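**Student:** sequence? don't have it. structure:
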């Protein structure tokens, strides 16, 4: 939290609590300024630089905020608010596009998605399968499983040629490195759009090659999260070197199952749908920290369409993700462009 103190008629000094000390300074203008690259640059220049930027109260207190006339402040506020409104519209469009993936994938597989899931239902004693948790018996999930089993399908374990879990070395040990080591993937790095290296940690190459050798990632491996955000699946791309922690498993598929080739990108596309994730979560065990164990993972059922149909699903899902990515980039560029404009207005 910060406050503001006047230095001159054209600037104010940051300190204490954040609040406008005068009617001559608009709160929304201050918010806009504090989110500009200009302010971040000023902050970095006054901060101690190590692996991360360490910002102290003294650093913050030394920054002066330009105060343009109220007419300019109002224009700054208007410009940035319009940009955020446009970004919000893009984000709504992105959510709509991404939500179409389920209908596309299930439609191609000939699976009818039940509408209006029941909140109250009953299960007869002869239907109990060794579990008594309500999630396991949700009628619409059971209906989906029946539809899948009535088509050509396979249990995931039938298709797995090689499988291993990850592990996390102790933080206190000499196992990690700054950038330049081997990417060590956590749950947040494994997404429906693939492996994302934002906020990634690194382990030393010698740890990757010895202690964590069994969980080294190889091209076309599937990385499947088994705790946390359960059921997110990513395919390891070509020329990627990486490893995983204990919250994920990696497995390589056999070339074919029941005389039909199985494409790893198709398997990932199926499990990354809302239904795929719910079917994964249905098989979890545990109380406050649910987890998908190896046996349950191998028992997950996957529809097995023709290779042509698998390729169509892969291409369609990729197109949807690319469209969503373009819109996300457009949304960010709108705000970035507006921020540059308001910086020029502030400094004019």
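**Tutor:** Received, thanks. None of these values were measured; they are calculated from a predicted model. Numbers count the residues shown, from 1 in each chain.

**Student:** can you give me the strands in the stretch 101-250 of the chain?
**Tutor:** Counting by DSSP state E, counting those that start in this stretch, the segments of the stretch 101-250 of the chain that form strands are 153-155, 160-165, 176-177, 182-185, 190-191, 194-195, 201-203, 222-225, 233-235, 243-244, 248-253.

**Student:** Note down every partner strand of the last one and its orientation.
**Tutor:** It refers to strand 248-253. Looking at strand 248-253 with DSSP bridges, its paired strands and their directions are strand 160-165 (antiparallel), strand 222-225 (antiparallel).

**Student:** looking at these, which is closest to residue 261?
**Tutor:** Distances from residue 261 to each of the strands paired with strand 248-253 were compared by Cβ to Cβ, and the smallest falls on strand 160-165, at 13.3 Å. In short, each C-beta sits where N, CA and C put it, glycine included.

**Student:** Show me which positions of the closest one end up buried.
**Tutor:** By neighbour count, and taking 16 or more other Cβ atoms under 10 Å as the criterion, the buried residues in strand 160-165 are 160, 163, 164, 165.

**Student:** now, the most widely separated pair of the residues you listed?
**Tutor:** Maximum pairwise distance among these (Cβ to Cβ): 12.7 Å, between 160 and 165.

**Student:** ok, residue 220 touching residue 252?
**Tutor:** Yes - using Cβ atoms under 8 Å, residue 220 makes contact with residue 252 at a distance of 6.8 Å.

**Student:** ok, residue 221 touching residue 235?
**Tutor:** Yes - Residue 221 is in contact with residue 235 according to Cβ under 8 Å; the separation is 7.4 Å.

**Student:** quick one, which of those two is more surrounded?
**Tutor:** Residue environment comparison for residue 221 versus residue 235 gives the larger neighbour count to residue 221, 25 against 20, counting by other Cβ atoms under 10 Å.

**Student:** just to revisit the earlier point, with distance to residue 83 and pLDDT added, can I get the buried residues of strand 160-165 in CSV?
**Tutor:** Listed next are those as CSV, based on distance: Cβ to Cβ, whole Å; pLDDT from 0 to 100:
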residue, distance to residue 83, pLDDT
160, 48, 96
163, 47, 96
164, 47, 95
165, 45, 94
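
**Student:** re earlier: would you reformat the strands of the stretch 101-250 of the chain as JSON lines and include distance to residue 79?
**Tutor:** Listed next are the strands of the stretch 101-250 of the chain as JSON lines, based on distance: least, Cβ to Cβ, whole Å:
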{"stretch": "strand 153-155", "distance to residue 79": "54"}
{"stretch": "strand 160-165", "distance to residue 79": "51"}
{"stretch": "strand 176-177", "distance to residue 79": "43"}
{"stretch": "strand 182-185", "distance to residue 79": "39"}
{"stretch": "strand 190-191", "distance to residue 79": "33"}
{"stretch": "strand 194-195", "distance to residue 79": "35"}
{"stretch": "strand 201-203", "distance to residue 79": "38"}
{"stretch": "strand 222-225", "distance to residue 79": "41"}
{"stretch": "strand 233-235", "distance to residue 79": "38"}
{"stretch": "strand 243-244", "distance to residue 79": "44"}
{"stretch": "strand 248-253", "distance to residue 79": "43"}
